[in-house]
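Trainee: prediction below, plus the sequence it came from.
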Amino acid sequence: MRLLIAIFLAATPIRAAEPHPVYETDHFPELPVPAVTPSDRIDEAVFTHLAELGIAKAHPCSDAVFLRRAYLAVIGTLPRDDEAIDFLASTDENKREGLVEHLLQRPEYGDFWAMKWGDLLRVKAEFPIKLWPNAVQAYHKWIHDSVRSNKLFHHFVQELLVSSGSNFREGQVNFYRAMPDRSPGGIASTVALTFMGERAEKWPPRKLEAMAGFFANVSYKATAEWKEEIVFFDPLGDKDLLHKRAIFPDGTPVTLDPGREDPRAVFAGWLLRPENPYFSRVITNRVWSWLMGRGIVHEPDDFRTDNPPSNPALLAVLESEFIASRCDVRHLFRAILNSRTFALSSIPEQDTPEAAAQFAHYPLRRLEAEVFIDAINQITGTAEEYSSPIPEPFTFIPEEVRAIALADGSITSSFLELFGRPPRDTGLEAERSRTNSAQQRLHLLNSSHIQKKIAASPLVADAAGGADLKATAEPVYLTLLSRYPTPEEIATLKAHVRNSQSSGKSLATDLVWALINQPEFYHNH
Amino acid sequence: MNPPIHHPDTALARDTARIASALGGAPQSRREALRRTLFGSAGLLLMEPFVIRGADQPIPAGGAAAKSVIQIWLWGGPCHIDTFDPKPEAGREYSGALDAPIETNVSGVRIGQLLPELAKQADKYSLIRSMTHGNNGHETAAYLVQTGRSSERDVFPGLGAVVSYFKGYDAGYEGLIPPYVVLTQPQGRFSEAGFLGPRYKPYATGGNPAAATFEVEGIVAPGISEQHQRERRNLLAGLNTLGSALPGDATIKTVLDSERQAYELILGDAGKLFDLKQEPDAVRDRYGRNTFGQSCLMARRLVEKGVPYVTVNYQGWDTHKQHFQIMNRKLPELDAGLAALLEDLDGRGLLSSTVVWCCGEFGRTPKVDNESPWNGGRHHFGKVFSCLIAGGGFKGGQVVGSSDAKGEEVVDRPVYPADLIGSIYGQIGIPSDSPLPHPQGNPTCVVPKEEEGVPTAGLLKELV
C-alpha cells in the first residue's frame, strides 16, 4: 500500500507553471509516508485520490494568503495590519501551526461559530420562529458558551435533545421552540436535518412517522411571566400513542415506555454513539465544508444513498479522527487547518468541477454578509447601528458589537440582507447566500453608505500623509489585503495619479475604494 | 413609444440581459436560462435597452389590463374624513376646521376641501370608503393592508414583491432598473418580500428627487464627477491582481459581469432615467417641487419604462398632535402630486395600463381629540378608512361602500385588504389562486382563502 501511494504521488503531473509571486510559494513540507499526524492522514487521503483521478493539485499558498484565509475561515475576522506585518516577518518554521492555535483560542472564535450554529439552530426572535428576544439571548448564550468551552459534540447534542425547562433560563430548550412545526413529526424532521444531515421530506413517510414517536411527549406550557414558556417531558402527552410505533431511523425496533423514561433520551442514546453512521460523519463533513467551502458530501445537509461522498476515504479519516478524539470539534478543526490541503492555493492547476469537488485547490468564497460588514468597519474605523424592533421601545445594540456577534437573526440591516444573511427560517445551510450580484456591486462601488465610511476612515488620513506612493499604498494594502503591494500595483497607482491629478486625501480615498472593490478583498481565497 | 432600436452591438445586448438577471441578486431561473438559450441575443436585438413592454404593445395573454402598479403609501395613516370621505354634517367636533368639502367633476361625489386638483380628476379614479381591518398598530396594520393577511407564523410578501415575483425577472422582465422600486425609503420588515426572499425585495432609491441632484443610492454618488468615476473604474481594473491570476474562474467572471452591469447604471444611459432635470420645468412645477411631488413624477418615468411596481412612501401622516396644521401643509402636496400623476399618465395613454392606488395602513379617529396633550389630534383608526384607486382597467368616478354619518363604522359593502389586493392582482394578470412558494411547502395562494380565517367580502367586481 505504501509503495502504491508513492507511485501515485510520483505520477501526479508536474506543473509547468511557476508559483504566483503574490499568492503562492513552492515551499511545502513533504508528506511523510506513512502519515504521522491527523493532518498527514487527511492529506494522504486527498492526494492519493487526486493522483488516482489524474487531477493535478494547486501550489501551496503564500504566507500572506494563509494568514488571511485562516483568520476569515476560523474567526470570521480580517487580520489587522500589525498582525499581518508580524506574521509575514516571522521566520518561525511552525508559524502556521502557531497561528491556527492562536485563532482557535481567540474570543471571536466563539462569536463566529455561535453565529454559524445560530443559522442551523434557527436563533431568531421573530416570525416564523418566534423565540422572543429574552429567549434568543438565553439560547445564544448557551451556544456561545458551548462553542467557546469546546463542549464535546455528543454532549452538545445530548443537551439540545433531552433538555427541559424555561425558555428564558435553560437556553438549550429553545431548540424545541425554534421550529415552525412543533408536531412530533415536525420535531423529528428538524432533528433529522440538524443532526443526521438528512432531509426527511425525501424519506418514505413511514420512516418519519416512526421517528416522530420519540418526540410525542414533548410539551409546552406558559407561565405567569410574559412570553415565558416551559418545555417539558410530559409522560401523558402522547395522546395518539405515537411512541408505540417508534422505530429508530436505521430500522432497529425499540420498545418505549414514556411512564419510565423520556423517549427523547432513548433516541439520543441511539444517535449519539460515535460509530453511528448517522452521527460522526455528518458533523465531520459539516466542519470540513465550513472550512473548505464544500462538503465531501455536498450539500452537507443532504445525506442520502444517491448522494455519495466525493472521497469516501477522506470522510472515513475525518470520522475516525473525530471518534478517536471523543467528539472534539476543535481537534477536527486543528487537523484540517494544519493540513496541506487547507493550504493549497486558490489558483487551480486544473480548473474543472471535478478538481473543485476533489479539493485540488482552495475555492474563492465571498465573505459572509456579517464578516464582510465587520471587515469594512474594521478597516474604516466605523460602526453600524443595529437595533431590535421588538419589544417596543426598540433595543439598540452597542456600537462595538460586531455583526458576527449579533445573537438574534431578526436583527438585521439592508447591507446584511443584500449580502445574503440567512433568514434562519429552516436551518438549511443553503439559506446563506454567498453569490455576487450587480446590486451588491452597485452598493460597494457607489453607495453613500460605503463612501461615507471610506471618507471617515483614519486609514485614509494615514495613507494620505505617505511620503511617496509606496508609503501611501503599503498601509492600505496591509490593512485590506494583509500583504504588501507589488511593483506592478504601484505602477498602476502612478498611472492613476498621472491621469487623475489625484493626490493626498483624494488619492488615498481612491485607493481604499479600489481595494474594497477588489474580489481579493471580499473573497476568502 | 420610440421605435425599436436595432442594436449593432450584440455583446451589449447580451450584457443587458445579464444585468436584468443579476440585479435580482440570485441565480437565473431555469425558465430564464431556457428562454435565453431559445432566443439568444437575437431576440434581445429587437429591444430597446430598458423598455420591456411598450405602451403600444398588445395586452399580454390572459387579458390583463394593467402592466404596472403605482402605490402611493400615506405612511402613518391619513384621516379618511379629511380626505376622501368628508363628514361636515357630523359637526366641528368631527370635521374640525375642514368642514367645507368640495364637489368634484363627478356629480354627487364630494372630497376634502384641500384637494381641489383631485376634485377635477374624479372621473379618473374611484373611492373606496369602506376599507376596514380593525387593527390600530402601525406595523401590523401596514402588514395587513399590503399582504391581506394577519398570519402569525409566516411572513408573507407584500403586493410589490408578489408582482415582482410574477411579473419581474422570472417572467421575462429585462429591465436594467429592478422590477420593484421604492421612492425613496423602504418600509422595512413587515411590508416587503417576506418568505419570497431578497430577490424580490424592493430597490429603494434613497436620496431626494426634489433636491438639486437626485442622489439615487448606488447609482448617483454624491460629489463624484463622471470623469472621476471613469478614472476610478480604470484604477479598479488595473489593481485586480487576483482576477488576473485566475483568468478562467467562474466567481471572478460573475464579479466582473456584475461590475459591468453596475456601471451600466452608474455611467450608462439607464441611470439617466433618474435625472429629473430632463423633464420640462412646467411639468416638474405641476407635480410640486417637493419630495412627494417629484417622487410621483419619478414614478411616472419608471412605469413609462416598463417597471411593474413602484411604491411612493409618503411619510408624516401619523398626526396625533397638530393634526390640522399638518393637513394644511400636506394635503396640498398630496393634491398636486397625485392629481398631476393621474392627469399625466392619462395624457400619455398610460393610465389604462397603470393601476394607481393611494391609501395608508388605517384611517384616523373621526372625533377630534382636543384633550391635552393632543390639543386637536387624531389617533389610529383601523375600523374605517378610504382608498383611492385608478387606472389599469379600474373604473373611474365610482364610490364603493360607505361609512356612517360620523365615519366611525362601515355601513355597507366592507372592503377588506385581501379584497383590494386580490382585485389589483386580477388587473395585472395574477389570478387569485396563483401559488406562492411557501417555505414549509404549505399550499398558499396570492389571495388568502376563506378557510385561512382571513375576512373577505369579495373582489371589487363593481369597479372592473
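Mentor: Thanks, I have it.
Trainee: point out where chain A drops to low pLDDT.
Mentor: A:1-16, A:127, A:392-393 (pLDDT under 70).
Trainee: mind giving me the domain split of it?
Mentor: Listed by automatic domain parsing, the domain ranges of chain A are A:2-105+A:312-364, A:152-271, A:439-524.
Trainee: for residue B:217, find the nearest of those.
Mentor: Using Cβ to Cβ as the measure, domain A:439-524 is the one of the domains of chain A that comes nearest residue B:217, at 5.6 Å. C-beta here means a position set from N, CA and C on the backbone, and glycine is covered the same way.
Trainee: can you redo the domains of chain A as JSON lines with distance to chain B and mean neighbour count?
Mentor: JSON lines is the format used below for these (distance: least, Cβ to the nearest Cβ, whole Å; neighbours: other Cβ atoms under 10 Å in any protein chain shown):
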{"stretch": "domain A:2-105+A:312-364", "distance to chain B": "4", "mean neighbour count": "18"}
{"stretch": "domain A:152-271", "distance to chain B": "6", "mean neighbour count": "18"}
{"stretch": "domain A:439-524", "distance to chain B": "4", "mean neighbour count": "19"}
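Trainee: could I get these as TSV with distance to residue B:136?
Mentor: Formatted as TSV, the domains of chain A follow (distance: least, Cβ to Cβ, whole Å):
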stretch	distance to residue B:136
domain A:2-105+A:312-364	43
domain A:152-271	21
domain A:439-524	34
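Trainee: tell me which of the ones you listed lies nearest to residue A:376.
Mentor: Using Cβ to Cβ, those put domain A:439-524 closest to residue A:376, at 6.2 Å.
Trainee: all helices of the stretch 351-500 of chain A, in order?
Mentor: Here the stretch 351-500 of chain A has its helices, by DSSP state H, counting those that start in this stretch, at A:353-357, A:369-380, A:414-418, A:438-446, A:448-456, A:458-464, A:469-481, A:487-500.
Trainee: closest to residue B:379 out of those helices?
Mentor: Of the helices of the stretch 351-500 of chain A, nearest to residue B:379 by Cβ to Cβ is helix A:414-418, at 30.9 Å.
Trainee: and that closest one, what other elements does it pack with?
Mentor: Under the contact criterion of 3 or more Cβ pairs under 8 Å, 6 or more residues apart in numbering or on different chains; DSSP states H and E, helix A:414-418 touches helix A:369-380, helix A:438-446.
Trainee: one more time with 6 Å
Mentor: Contact partners of helix A:414-418 among helices and strands, from 3 or more Cβ pairs under 6 Å, 6 or more residues apart in numbering or on different chains; DSSP states H and E: none.
Trainee: and whichever helix or strand residue A:112 is part of, what's buried?
Mentor: Here residue A:112, judged by DSSP states H and E, is contained in helix A:107-120. Neighbour-count burial for helix A:107-120, counted by 16 or more other Cβ atoms under 10 Å in any protein chain shown, picks out A:108-120.
Trainee: for those, which one is nearest chain B?
Mentor: residue A:119 (14.8 Å; Cβ to the nearest Cβ).
Trainee: got a list of what that closest one touches?
Mentor: Applying Cβ atoms under 6 Å, 6 or more residues apart in numbering or on different chains to residue A:119 gives the contacts A:422, A:424.
Trainee: next one: stretch B:272-286 to chain centre, how far?
Mentor: 20 Å (Cα atoms, centre = their mean, to the nearest Å).
Trainee: apologies, that question was intended for stretch A:231-251.
Mentor: That offset, for stretch A:231-251, works out to 34 Å (Cα atoms, centre = their mean).
Trainee: and that stretch, C-alpha only, in CSV?
Mentor: What follows is stretch A:231-251, C-alpha atoms only, in CSV (Å, rounded to 0.1, in the frame of the first residue of the first chain):
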residue,chain,number,x,y,z
VAL,A,231,-40.6,22.9,27.5
PHE,A,232,-41.0,19.7,29.4
PHE,A,233,-41.4,15.9,29.1
ASP,A,234,-45.0,15.0,29.7
PRO,A,235,-45.4,11.2,30.2
LEU,A,236,-49.1,11.6,29.4
GLY,A,237,-48.5,13.9,26.5
ASP,A,238,-48.6,11.3,23.8
LYS,A,239,-52.4,11.2,23.2
ASP,A,240,-52.1,9.4,19.9
LEU,A,241,-49.8,6.8,21.3
LEU,A,242,-47.2,7.5,18.6
HIS,A,243,-44.5,6.1,20.8
LYS,A,244,-45.9,2.6,20.3
ARG,A,245,-44.9,2.8,16.7
ALA,A,246,-41.4,4.2,17.2
ILE,A,247,-38.6,2.7,15.2
PHE,A,248,-35.0,4.1,15.0
PRO,A,249,-34.2,5.6,11.6
ASP,A,250,-31.8,2.7,10.8
GLY,A,251,-34.7,0.3,11.1
